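A.B. asks: Please work out how this folds:
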Amino acid sequence: MLQQFIDDLEAPVSARRFGSGWFAGFFGLLLACAGFGLVVALRYPDWFSMPELASAEKTSWFRPVVHFVLLASYALALLSLLLRRRKAIGFTALVIGMAAALLGGANVSPRETHDWGIFFGVDFFVVNLIAAGLIFAPIERFWPHNRDQRLFRTEWREDLFYYLISSMLVQVFTYLALAPSSIINANTGSLAGIRAAIGGQPWLLQFVEAMILTDLAQYWFHRAFHRVPFLWGFHAVHHSAKAMDWLAGARMHFVEIILLRGVTSLPLLTFGFLPSVMQAYVALVYVYSGLVHANLKGDFDRFGHVMVTPRFHHWHHGIEKEAIDVNFAIHFPLWDKLFGTFYFPKGKWPSGYGVPEKVPNGYWKQLAYPFVRRQKAAEAAKGE
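C.D. replies: Numbers count the residues shown, from 1 in each chain. Down below sits the predicted model:
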């Protein structure tokens, strides 16, 4: 059954035409998973809900939205079952939607749980996936750079799992990433005047300054992960994706996620930027990461010299010799120009993506890869 479900999701384009029931099944599945996740978060808020989203979940409109999502998933699942010869997607969507109803649906009551102070961001994952999916999946379909690349391309399951882990463990990652900032702030009282001056600036100016400052920090962080062999083992996991789309940006080793978030938050916390500026910047990074990895056409030959575009960042992932160690900037190519790592040939795209070394497939093997990489290289050398 599982293999039938996967085959149906990965069906060729000819089997996904409008009227075939594939799109009804896909969106029914998407809404069913979203509804199920939100019901779980409502039922066990201490374990599966982010405190930042709790206020939204208590509003008068939230539960009607959940109810609508579940009803829409049922309708689309049934439509898919009626139209499609293969029933796997529609049947799976229906089962997940029914499971959400059995948990209590939109009228579910919170259950008492043992509050250990640790939560898993199920609602955060659902919101992220729905928001990013609704933004990027349609535009990748209608304006793709690579028209032969499917929505469910090779390795999509691995990258979706990365997306799940980074969202579910958001509390753990945030705590570890912010720990250095807390220590530094506690021992840098001399910066109080600078913090007050920066915090008193107009909000928009702070936001622009935050982008510039964090981008400079991330440039050197990113470059270090390419130049230091041990750090490259972690970053190679991200570069091992052989196809580029919005979901590929989620493929990051948890060690790199923690260090990257720490580097991003360190200058903002140390210099006293407003919390709302930090929150807005984090939201921008989530969207921007999906954008620059997306399978979107558009050369943007001029604009790519000012802001990082998909083609600019795709060259960072390219397999060509000239694509090695270039385009480290996250937002502003200016840093690459200043430090000699800028590469943006007019109208030209990479011929492929990936890394020369063999990074294993699967989340758990990739999790261990940086720690066994040298051993595997030595064994391969002996075998030759």
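A.B. asks: pLDDT averaged over stretch 60-67, what's the number?
C.D. replies: Mean pLDDT, stretch 60-67: 84.
A.B. asks: which parts of that stretch are buried?
C.D. replies: 62, 63, 66 (16 or more other CB atoms under 10 Å). C-beta: built from backbone N, CA, C; applies to glycine.
A.B. asks: Which helix or which strand is home to the second one?
C.D. replies: This means residue 63. Per DSSP states H and E, residue 63 falls inside helix 62-83.
A.B. asks: Can you spell out which helices and strands pack onto the following helix or strand past that helix?
C.D. replies: Downstream of helix 62-83, the next assigned helix or strand under DSSP H and E is helix 88-102. Here helix 88-102 touches helix 2-9, helix 22-43, helix 62-83, going by 3 or more CB pairs under 8 Å, 6 or more residues apart in numbering; DSSP states H and E.
A.B. asks: Tell me which of those helices sits nearest to residue 262.
C.D. replies: helix 22-43 (27.1 Å; CB to CB).
A.B. asks: Could the C-alpha coordinates of stretch 240-247 be exported in PDB?
C.D. replies: Only the C-alpha atoms of stretch 240-247 are listed here, as PDB (Å, rounded to 0.1, in the frame of the first residue of the first chain):
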ATOM      1  CA  SER A 240      24.000  16.700  -1.900                       C
ATOM      2  CA  ALA A 241      20.600  17.600  -3.300                       C
ATOM      3  CA  LYS A 242      20.700  16.700  -7.000                       C
ATOM      4  CA  ALA A 243      17.600  18.800  -7.900                       C
ATOM      5  CA  MET A 244      16.800  22.400  -6.800                       C
ATOM      6  CA  ASP A 245      13.400  23.500  -5.600                       C
ATOM      7  CA  TRP A 246      11.900  25.300  -2.600                       C
ATOM      8  CA  LEU A 247      12.000  22.200  -0.500                       C
END
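A.B. asks: and residue 200, how many neighbours does it have?
C.D. replies: 10 (other CB atoms under 10 Å).
A.B. asks: Distance check, it against residue 192.
C.D. replies: 12 Å (CB to CB, to the nearest Å).
A.B. asks: about what we covered before: let's have the buried residues of stretch 60-67 in a markdown table, adding distance to residue 9.
C.D. replies: Listed next are those as a markdown table, based on distance: CB to CB, whole Å:
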| residue | distance to residue 9 |
| --- | --- |
| 62 | 29 |
| 63 | 30 |
| 66 | 24 |
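A.B. asks: Now for residue 253, how many residues are close by?
C.D. replies: Residues near residue 253, counting by other CB under 10 Å: 20.
A.B. asks: In the record's domain split, what are the boundaries for the chain?
C.D. replies: 2-119, 170-373 (automatic domain parsing).
A.B. asks: Could you dump those into a markdown table with distance to residue 159 added?
C.D. replies: Output for those, formatted as a markdown table (distance: least, CB to CB, whole Å):
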| stretch | distance to residue 159 |
| --- | --- |
| domain 2-119 | 14 |
| domain 170-373 | 4 |
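A.B. asks: Which among the ones you listed is found nearest to residue 145?
C.D. replies: domain 170-373 (4.3 Å).
A.B. asks: How far away from the center of its chain is that closest one?
C.D. replies: Here domain 170-373 is found 12 Å from its chain centre; the criterion is CA atoms, centre = their mean, to the nearest Å.
A.B. asks: pLDDT of it, averaged?
C.D. replies: Averaging pLDDT residue by residue across domain 170-373 gives 89.
A.B. asks: What of stretch 104-122?
C.D. replies: 63.
A.B. asks: try stretch 33-42
C.D. replies: 85.
A.B. asks: quick one: that stretch to chain centroid distance?
C.D. replies: 19 Å.
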